[in-house]
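Chemist: Just a sequence and a predicted model for now, questions to come.
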Amino acid sequence: MISAARLGKAACALAVFSLVEPRLSGLGPGCAVVCLGVILYSPRAGIRFGLLPALVGLFSGLIAAAGYNLEADTHSYMANVASLLQDFDLDIGNQLTEWGRRAPSRGPAGMSITPHPIGNAFVWAIPVAFAHAYALHVGIYPTNFFSPPYFGAVIATNLAIALSGALALVRLLTREVGVAAAGLAVAASILASPAVYYLAVQPMGAHGLSFGLGCWAVVLVVRAVEADTVPAWRWAGAALGLATLCRFQAVVLFAMVPLLGAWSVKSLVSRMRALSPPALVIVLPQVVVWLKTFGRPFAIPQGSGFMKWGSPHWADTLFSADRGLFNWHPLLLLGLLGLLLPRPRLNRLALCGVVIFAVTVWINGAATDFDGGDAFGGRRYDLVIPFFGIGLARLLDATRPVLVRRPLALPALLFSLVVAWNFSFIAFYRTKNFRVSAPAEELASAQARRLRQVADAAFGWMGPGTRFRIYDAFVGLYTYREYRPGGDFDLATLEPRFMSEGWSDVRWWDGESTFRYLLYPQACIVIPIEEPFDLRGFVRARAPARIPDQRLTLTLNGRTLTEAALPAAWTDVPFEAPSRFWNPGENQFCMRALKKRPGDKGDDLAYAAAVVRVQLP
């Protein structure tokens, strides 16, 4: 009878092969089911590396069945490994040109500029070489290193490194918190974070790989501290060096060395002397690439202006609807809480996590594209996800006695959240919302708006800065970043979320622009600004013919900007709004009319002006 371990290995092999050979992708779901069965059966024997084939097979089978995308930086990373194997260099210009991409510019020293680390080329080289041999053998796939066999090899390699690192981290945590808490914490840190996206959906990049190398760096540094032998420190140095070669930012992981118990200068020097040679040797290829590209051993490939070291957007990387780490992945906030708990277990690792997290926040907030561009959530926090797993494990360990002594505590918390949701739903129902149907996505959206209103009511009194943080966390749309970058607030097409009180529905006159009526006495729009600065603009409007000598007053957040006569012809009313009038976040821009339309009884007498747009620079 075949053992579970052998069955898992066989299913894993088929699942990985279905990635390399997409004609067999139909095998993916079946392989995934078999691997899941092996995983569910195996916990009886505890967490062990024998689970790795089943885990890799489970992910590989699901990816083969569901597919993956090649967006973002895929071409650049694949060009690294193709250049290494084809040309025995890391000048990616000819690879990108061959794939129909624009060749990158060349650095001062002559080599093509690649904005990404080159470590992935060395990690993927052997699996991609086997994939190349397979592509040559079958003869139906392009052999230019940019076709399914190569992608499958890369995905399987990333999965093997990341999941083996996760298993090693679970085994490390098991000694302190038990196998159940350790396994649950690490699994949650993967499945509720960007890591799973960059392992399974957009896998040809650095983030899934960096997560796995971060896990291995943590485990090997802890083992080196415990053994305190030269071989152990050399392995730790190799892990730290490889993580840095694959992701520049991983240099922050070196902070673990002094924090994990090296309280004397002599001890720290001894550790650094042991781990530095392998780390430096592994990082050397990146130094050579920078020398051949920029003529210096260290460089920021995106340019010197890419990093603003004052980190003006560190908070945006954590709490923002625009890919803020804790907005998109709220469970990780509990992981941070676990790191901050004053508990003796894993205390030094938790201290490392807090320090490395703080430095990572500062670095991420310093980048010009602090939101990560085309990203799923906080992708640049990949290196600290292992520490969030440690924090979740500490949190589960801390709550275990509470749940034993107070078994109703957790159910009471969950019930409170459900009751709050239900009361809010009742309030919506009483105001004629969701009277017939309550589509789940619309109800969730309405509940989120209600939660924002509660946050505004509870904390808005603390001032504009707090209101800005609330707005950024729940909405995060700004006039000159994501929303209406031209500053054209066309009243006919303006989104409802930016329409305040006092407007009619959209109207039009033959041969003229669409507009809305300003309803006497005042109508407003919401203008979201991220950073206040001096602005000039105009309002295009006209008075109804039946209102002689109409006047229009423009205000911003209750402060008067200008007052002007409004004739019956379309007129641009200019205004200047100094930076001191703006608040970061939402701003109320209002138009107040002096008169309303006269008319007979029954007429709509509220029409005071027809407004086409508010135009900002």
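Modeler: Perfect, I can see it now. Residues are numbered from 1 along each chain as shown.
Chemist: mind checking how far the residue minimising distance to the centre of the chain is from Tyr41?
Modeler: By CA atoms, centre = their mean, the chain has its centre lying nearest to Gly377, at 1.8 Å. Separation of Gly377 from Tyr41 (CB to CB, to the nearest Å): 33 Å. Every C-beta, even on glycine, is put in place using the N, C-alpha and C of the backbone.
Chemist: burial of the closest residue to Trp314 other than its chain neighbours, as a residue count?
Modeler: Leaving aside its chain neighbours, Trp314 sits nearest to Gly365 (2.9 Å; criterion: CB to CB, 6 or more residues apart in numbering). Gly365 sits with 20 neighbouring residues when counted by other CB atoms under 10 Å.
Chemist: Check which residues of the helix-or-strand element of the chain with minimal mean pLDDT are buried.
Modeler: The weakest-scoring helix or strand in the chain, judged by mean pLDDT, DSSP states H and E, is helix 409-430 (a mean of 82). The neighbour-count check on helix 409-430 (16 or more other CB atoms under 10 Å) flags Ser424, Phe425, Phe428 as buried.
Chemist: swap in stretch 349-366?
Modeler: Those would be 349-350, 352-357, 359-361, 363-366, for stretch 349-366 by 16+ other CB under 10 Å.
Chemist: Local confidence estimate at the residue nearest to Trp314?
Modeler: Note for Gly365: predicted pLDDT of 92.
Chemist: Where does it fall, secondary structure wise?
Modeler: Element membership for Gly365 (DSSP states H and E) is helix 347-366.
Chemist: do the same with Ser504
Modeler: With DSSP H and E as the criterion, Ser504 is inside strand 503-508.
Chemist: partners of the very next helix or strand once past that strand in the sheet?
Modeler: Toward the C-terminus, strand 503-508 is succeeded by strand 514-519 as the next helix or strand (DSSP H and E). Counting by DSSP bridges, the strands paired with strand 514-519 are strand 503-508 (antiparallel), strand 607-615 (antiparallel).
Chemist: residues of the last one that come out buried?
Modeler: In other words, strand 607-615. Within strand 607-615, the residues scored as buried using 16+ other CB under 10 Å are Tyr607, Ala608, Ala609, Ala610, Val611, Val612, Arg613, Val614, Gln615.
Chemist: coming back round to it: counting contacts, what elements does the helix holding Gly365 pack onto?
Modeler: Counting by 3 or more CB pairs under 8 Å, 6 or more residues apart in numbering; DSSP states H and E, the packing neighbours recorded for helix 347-366 are helix 207-227, helix 256-259, helix 331-340, helix 385-405.
Chemist: Rebuild those as TSV, extending it with mean pLDDT.
Modeler: Listed next are those as TSV, based on pLDDT from 0 to 100:
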stretch	mean pLDDT
helix 207-227	95
helix 256-259	90
helix 331-340	92
helix 385-405	89
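Chemist: Ok, which of these comes nearest Phe88?
Modeler: Closest approach to Phe88 among these (CB to CB): helix 207-227, 22.4 Å.
Chemist: any idea of the angle that closest one forms with helix 385-405?
Modeler: 70 degrees (axes from the mean of the first three to the mean of the last three CA atoms, to 10 degrees).
Chemist: Taking helix 347-366 as reference, get the angle to helix 207-227.
Modeler: 150 degrees.
Chemist: Tell me which of the helices and strands packed on helix 347-366 sits most buried.
Modeler: Among the helices and strands packed on helix 347-366, the stretch with the highest mean neighbour count (mean count of other CB atoms under 10 Å) is helix 207-227, at a mean of 25.
Chemist: how far does stretch 261-269 sit from the chain's center?
Modeler: Centre-to-centre, stretch 261-269 and its host chain are 36 Å apart (CA atoms, centre = their mean, to the nearest Å).
Chemist: sorry, that was for stretch 39-55
Modeler: Chain-centre distance of stretch 39-55: 30 Å, with CA atoms, centre = their mean.
Chemist: And the contacts of it?
Modeler: With contact meaning CB atoms under 8 Å, 6 or more residues apart in numbering, stretch 39-55 is reached by 4-5, 8-9, 11-13, 35-36, 38, 58, 159-160, 163-164, 167-168, 170-171, 174, 179, 182-183.
Chemist: Could you point out the member of the buried residues of strand 607-615 that lies closest to Ser416?
Modeler: Using CB to CB, Val614 comes nearest to Ser416 of the buried residues of strand 607-615, at 43.1 Å.
Chemist: hang on, isn't that closest one packed against Ile525?
Modeler: Yes - taking CB atoms under 8 Å as the definition, Val614 is a contact partner of Ile525 at 6.2 Å.
Chemist: any common contacting residues for these two?
Modeler: When contacts are counted by CB under 8 Å, 6+ apart, Val614 and Ile525 are jointly contacted by Phe489, Leu491, Phe589.
Chemist: Quick one: mark the members of these that sit in helices.
Modeler: Using DSSP state H, no member of the shared contacts of Val614 and Ile525 sits in helices.
Chemist: Just the residues you listed: which are in strands?
Modeler: Phe489, Phe589 (DSSP state E).
Chemist: Please tabulate the shared contacts of Val614 and Ile525 in CSV, including the columns neighbour count and pLDDT.
Modeler: Output for the shared contacts of Val614 and Ile525, formatted as CSV (neighbours: other CB atoms under 10 Å; pLDDT from 0 to 100):
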residue, neighbour count, pLDDT
Phe489, 25, 91
Leu491, 26, 91
Phe589, 23, 96
